[in-house]
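*Asks:* Fold the following for me, if possible:
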Amino acid sequence: MSSLPADLRAAFARYTVGPSLVRQAVTGANPGSLNRPGPDGWSARDVIVHLADFELADGFAHRSIVATGPEADVPAIDAQRWRRRLSYLWRDAEAALALFELLRFSNAEIIQHADSEALERHGRRGDRPLAAADILRTGAAHAEEHAEQVRRLVGA
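*Replies:* Below you'll find the predicted structure:
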């Protein structure tokens, strides 16, 4: 049974749909289009791998904050550095998308069963406070924005 507070239910619904939006964005795309960089230098493959890596990092952050609270100090993520140093160009887009789907499902399970107190716990990411509920809200928007970016990149 979900204990998710009413004010977070819409964000949770968006959060859980995120991977499907990304999968829809690449369905039927020419495989070569996944490597074509956009104006910012990021390809659809880069974006999909970024989503998987970011979901891994956000899942760790959420777990740390819920389990630890104010003592949780989660690292900030430098997306450009991760892209470069973690070899996004050579990573498998389908495997990354499957990983994103699995991680998002796992993270959603934890969020769905967290109570209001747990979701309002704060840790720190870099020099700013971060509530567990913030990860849910930003995660929903993150997947939506990148799904649209992937759609534009593979359709270009």
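
*Asks:* List of residues touching stretch 136-152?
*Replies:* Residues outside stretch 136-152 that contact it (CB atoms under 8 Å, 6 or more residues apart in numbering): 8, 11-12, 14-15, 17-19, 21-22, 24-26, 38, 42, 44, 47-48, 50-51, 54-55, 58, 62, 104, 107, 111, 119. Placement of C-beta: from N, CA and C, glycine included.

*Asks:* Going by secondary structure, the most centrally placed residue in the chain is in what exactly?
*Replies:* With distances taken as CA atoms, centre = their mean, the residue of the chain nearest its centroid is Glu55 (3.8 Å). If you go by DSSP states H and E, Glu55 is part of helix 44-68.

*Asks:* how about the helices in the chain?
*Replies:* Counting by DSSP state H, the chain has these helices, from start to end: 9-26, 44-68, 79-85, 93-112, 116-119, 132-155.

*Asks:* Pick out the shakiest of those, pLDDT-wise.
*Replies:* If the helices of the chain are sorted by mean pLDDT, helix 116-119 sits at the bottom with a mean of 88.
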